[in-house]
Structures are given as C-alpha cells and as structure tokens.
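In: Next one to model:
(4 chains)
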Number of protein chains: 2
Amino acid sequence: MNKIPSLKPTDSELEILQIIWLHGPASVRFVNDELNRNKLVGYTTTLKLMQIMIEKGLLKRAEKGRKHIYTAVLKEKETKNLLLDKFVKTAFGGSAMDLVMQALGNHQTTPDELEELKALIEKMESDKK
Amino acid sequence: MNKIPSLKPTDSELEILQIIWLHGPASVRFVNDELNRNKLVGYTTTLKLMQIMIEKGLLKRAEKGRKHIYTAVLKEKETKNLLLDKFVKTAFGGSAMDLVMQALGNHQTTPDELEELKALIEKMESDKK
DNA sequence: CTGGTATTACGAAATGTTTCGTAGCAAATA
DNA sequence: TATTTGCTACGAAACATTTCGTAATACCAG
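Out: Here you go, the predicted structure:
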C-alpha cells in the first residue's frame, strides 16, 4: 500500500540508508556490521529498524534464499533534498543562502573544492542571463 | 547547575528559540501568540515546553511582576552552527561541500547573493595563501 | 472585598524512537 | 540424523517529545 514515503527518516534510519546507498542492496547482517564499525548496536535492533523502515515505505526487500535483501526506495539525492529543505526551513528560516554562507565559513575546504564551487556559480550566472 | 546546554533543541524548541531570537526576551503569552500565527497550539503546551527548556538550560528567565520573561541562553549563530554540524554529519556524511553544492543547486538565488558568495570565496582563497 | 481572569506548576496521556530479549524456524555441519 | 548456527518475527521496555487538563495562585475590575 505504502508507495511513496513522505516521512522523513529518523537519524538511525538515515544511518542505515547511507550504508545501503553506498553499498547497494544489503542484508541486515551487512548493515549491522557496518553500523558496528562506528558504534555498538545489537543485531535485532538493526533488524527491527529495517522492518519498521519497510512499513514506512523507506525500504523494500526481496527474499534471496533465506535472507532478506533490502533496497532503498528513495534515491540518495532526493532524500537529501527533502532533508535539506526541511532543515533550511526549521533552522535557517527558509534562507538557503544563510545556510550556505555559514557552512562555508565554518568548515575546512580545499582549494579544489573552492574551484568547483566557483565553477558552479559561474554556471548559475550564465544560465540566468 | 546547568550552565552550558550541550543538547540540541528539538524542532518545537527551535521554533520557540527563533521567536525569542527575533523579538528578544518574551513571555509565554507572547511566544504562544506568535506560534499560533502558524499553527494551533495550546497555551499550557507552550508553557510546558519553555519550562523544559529552562531545565535543559536552553532558556533562562526573570520574574517581571507576576509574569516570567524568558531569554535565550545561546546565541542564534552558535546554535545554528551546532545544528549545522550535526546535520552535515548525519545527512551529508560530514561533507559540508556536498551540502553547499546541493543547497545552491536546489534553491533560487539572486545575482546579489551570488556576488556575495563569490566575495566570500575570494576572501577564503586569499586567506589560505 | 469579591468574582473573574491570566499566569504558573504539576502530572499524565499520547505518540514516536530506539533498544533488545525470546521464540521459532531453516540451513549448515558434524 | 542430531546439533549448532544464523536468520526473521514479535512484543515490550526504556526513553524522548509533544500535548493538554487540572489545580493553585496572583492580579485586577467592579
């Protein structure tokens, strides 16, 4: 029934999504192992979370032999867009520019990244003409 | 006892903080009225939230006559920095640059804003040398 | 002073998130 | 085949967040 997940993933759910986006469709075991590189979390905890994500429509799954293989329903980019929109709205009063300026001012950036950013800006300016 | 609030404000708490940052120290009545411009929320709900924020150290208060006047403990900018750091970490795998690129690509920007942004980049590049 | 109004304090319900224990079952292995 | 191992399902506890009802209290208008 649930086709389009309108709900925003929680922090824990997002950690799981990141792993699946990066590595592609994965079993609970794999996701749990990845999670445990950073923090201690029980296998059944991860399983339960992923089952809930199925209910919410964030993941779908296929049974491969005995295991279940989970796939992300939403693409990485669209999900991050949703989260970004919400974050800009709740934390920066809707001003994406404020966020960009503050993000640049408070994080390390390499010269390459700055060049890339400048290129994007040039492109935006020429598109606008 | 609680002096420095390390906790991140919840979404509801953030709405209250935005109002206090914008208007300065305020009573529960004022905050609740402001909140109700956007959504329906009961007075005691707002009161309770603000009391909890006192416990967490997000707000402090002074008794002016019979009312309590609430003040934000953290400055707007430092709070947004904390939130931004966390968001970059959870949603963009720690890459502020990814966030910046995506934010620029998905929101309207005025030529003035782009100029301002370019100026910031120039400044960062010259600082780096 | 008295009744009505605005305010704070408190407790608790409703909801959402995270965690894990236990059970049941299937597959691999000894 | 008998045992162990690994997986899923399910329920529930622990915790956090949000909401509001009720009560106590201070203030104000008449």
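In: The helix or strand where A:I20 lies packs against which elements?
Out: Taking DSSP states H and E as the definition, A:I20 sits inside helix A:11-23. For helix A:11-23, the packing partners by 3 or more C-beta pairs under 8 Å, 6 or more residues apart in numbering or on different chains; DSSP states H and E come out as helix A:28-35, helix A:43-56, strand A:67-72, helix A:76-92, helix B:76-92. All C-beta atoms are positioned from the backbone trio N, CA, C, and that covers glycine.
In: Let me have these in a markdown table, adding mean pLDDT, mean neighbour count and distance to DNA strand D as columns.
Out: Shown next, in a markdown table, are the helices and strands packed on helix A:11-23 (pLDDT from 0 to 100; neighbours: other C-beta atoms under 10 Å in any protein chain shown; distance: least, C-beta to the nearest atom of the strand, whole Å):
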| stretch | mean pLDDT | mean neighbour count | distance to DNA strand D |
| --- | --- | --- | --- |
| helix A:28-35 | 97 | 19 | 4 |
| helix A:43-56 | 96 | 16 | 5 |
| strand A:67-72 | 94 | 17 | 4 |
| helix A:76-92 | 90 | 17 | 10 |
| helix B:76-92 | 90 | 17 | 12 |
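In: Need these in a markdown table (columns: distance to B:L59).
Out: Shown next, in a markdown table, are these (distance: least, C-beta to C-beta, whole Å):
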| stretch | distance to B:L59 |
| --- | --- |
| helix A:28-35 | 35 |
| helix A:43-56 | 33 |
| strand A:67-72 | 39 |
| helix A:76-92 | 18 |
| helix B:76-92 | 12 |
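In: With distance to DNA strand C added, can I get these in JSON lines?
Out: Output for those, formatted as JSON lines (distance: least, C-beta to the nearest atom of the strand, whole Å):
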{"stretch": "helix A:28-35", "distance to DNA strand C": "9"}
{"stretch": "helix A:43-56", "distance to DNA strand C": "3"}
{"stretch": "strand A:67-72", "distance to DNA strand C": "9"}
{"stretch": "helix A:76-92", "distance to DNA strand C": "12"}
{"stretch": "helix B:76-92", "distance to DNA strand C": "10"}
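In: Among the ones you listed, single out whichever gets nearest to A:Q108.
Out: Closest to A:Q108 of these is helix B:76-92 (C-beta to C-beta; 11.7 Å).
In: Could you check the angle the helix or strand A:L104 falls within makes with helix B:76-92?
Out: Assessed by DSSP H and E, A:L104 sits inside helix A:96-105. Orientation of helix A:96-105 against helix B:76-92 (axes from the mean of the first three to the mean of the last three C-alpha atoms, to 10 degrees) gives an angle of 90 degrees.
In: Mind listing residues that contact the helix or strand following helix A:96-105?
Out: Using DSSP H and E, the next helix or strand after helix A:96-105 towards the C-terminus is helix A:111-128. With contact meaning C-beta atoms under 8 Å, 6 or more residues apart in numbering or on different chains, helix A:111-128 is reached by A:109, B:97, B:100-101, B:104-105, B:109, B:111, B:114, B:117-118, B:121, B:124-125, B:128.
In: One more pass at 6 Å, please.
Out: B:M97, B:L114, B:K118, B:I121, B:E125 (C-beta atoms under 6 Å, 6 or more residues apart in numbering or on different chains).
In: That one: which residues count as buried?
Out: By 16 or more other C-beta atoms under 10 Å in any protein chain shown, the buried positions in helix A:111-128 come out as A:E113, A:L114, A:L117, A:I121.
In: Now render those as TSV, adding pLDDT.
Out: Shown next, in TSV, are the buried residues of helix A:111-128 (pLDDT from 0 to 100):
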residue	pLDDT
A:E113	87
A:L114	87
A:L117	88
A:I121	88
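In: Does the helix holding A:I20 reach DNA strand D?
Out: No: using C-beta under 7 Å from any atom of the strand, helix A:11-23 stays clear of DNA strand D, coming no nearer than 10.8 Å.
In: Now do the helix holding A:L104 against helix B:111-128, angle only.
Out: Computed by the same axes, to 10 degrees, the angle between helix A:96-105 and helix B:111-128 is 0 degrees.
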